[in-house]
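Asks: sequence plus the predicted model coming up.
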Amino acid sequence: MKLIQGAIFDLDGTLLDSMWVWEYVDEEFLNRRGLPKEPDYLEKLGPMGFHRAAIYTKERFGLSESVEQIWEEWGCLAKSAYDNEVVLKPGAAEYLRRLKERGVRIGAATSNHEELFIGALKRCGVYDCFDAFTMTSEVSRGKEFPDVYLLCAERIGAKPSESAVFEDIAAGLRGAKSGGFYTVAVREPLSAPQEAEIRKLADQYINDFYDLL
């Protein structure tokens, strides 16, 4: 880790303590339609970007709304929380600044949308730590593949073999590892059902960013 030239962070559940937002959004969305929240639903959405998740949700529940209408409803439900309530994971701000002091190039690889996460990062005072942002909507495959991490590495000007990817879900760790990155798993309570797999996939496992300071 002391030799890395690039650091690529997932946002939700890794840097941002925001997974509760998506539980709230999913529950509210399904409750409005009288649909049950089935146990595997949120887990399946995790690696997807908004567009793919909306397609999956429409097909899974046979909804009459368009993909765009589903996406817009999710966005409205989530925006207020990101703008006003979402905070960083413990030690995240300090660790990002430490990396910047060392000259490490920092990127974000996320399934979220910039209209949500940029406001949260600015309010939390760490937006200026990032050299580039990439979203799964910019690549053809989800986080179980290396595409979004490779694009982020290209944008920050770092080789995968000299970069670390920080993730909280097994699919993301699997995708990053297949791209040749060093992988760091960040504990997220909602990823507990995947913990055994996460620990196997990760080169390093941390409870929070204070473990790295």
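Replies: Great, that's in hand.
Asks: so what does the longest helix along the chain touch, helix or strand wise?
Replies: The residue-count maximum for a helix in the chain (DSSP state H) belongs to helix 67-84. Here helix 67-84 touches helix 19-31, helix 50-61, helix 114-123, going by 3 or more C-beta pairs under 8 Å, 6 or more residues apart in numbering; DSSP states H and E. Bear in mind the C-beta positions are built from the backbone N, C-alpha and C, glycine included.
Asks: for those helices, which one sits closest to Thr183?
Replies: Closest approach to Thr183 among the helices and strands packed on helix 67-84 is made by helix 19-31 (19.4 Å; C-beta to C-beta).
Asks: which residues are contacting the closest one?
Replies: 12-13, 36-37, 41-42, 45, 57, 61, 70, 73-74, 77-78, 81-82, 85-86, 188, 190 (C-beta atoms under 8 Å, 6 or more residues apart in numbering).
Asks: ditto for stretch 190-206
Replies: By C-beta under 8 Å, 6+ apart, the list of residues contacting stretch 190-206 reads 1, 13, 19, 23, 42-43, 168-170, 173-174, 177, 182-187, 212.
Asks: can you check stretch 49-68 too?
Replies: 29-30, 33, 35, 41, 44-45, 48, 70-71, 73-75, 111-113, 135-137, 142.
Asks: quick one: buried ones out of those residues?
Replies: Buried members of the contacts of stretch 49-68, scored by 16 or more other C-beta atoms under 10 Å, are 29-30, 35, 41, 45, 48, 70-71, 73-74, 111-113, 135-137, 142.
Asks: drop anything exposed from the contacts of stretch 190-206.
Replies: 13, 19, 42, 168-170, 173-174, 177, 182-187, 212.
Asks: just the helices in this structure please.
Replies: 19-31, 41-45, 50-61, 67-84, 92-101, 114-123, 147-156, 170-178, 195-201.
Asks: now render those as CSV, adding distance to Ala7 and mean pLDDT.
Replies: Shown next, in CSV, are the helices of the chain (distance: least, C-beta to C-beta, whole Å; pLDDT from 0 to 100):
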stretch, distance to Ala7, mean pLDDT
helix 19-31, 21, 89
helix 41-45, 25, 81
helix 50-61, 25, 90
helix 67-84, 22, 91
helix 92-101, 5, 97
helix 114-123, 15, 94
helix 147-156, 9, 98
helix 170-178, 12, 97
helix 195-201, 18, 96
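Asks: which among the ones you listed is found nearest to Gly107?
Replies: helix 147-156 (4.1 Å).
Asks: list the buried residues of that closest one.
Replies: 147-153, 155-156.
Asks: with the residues you listed in mind, which one is nearest to Asp128?
Replies: Ile156 (14.4 Å).
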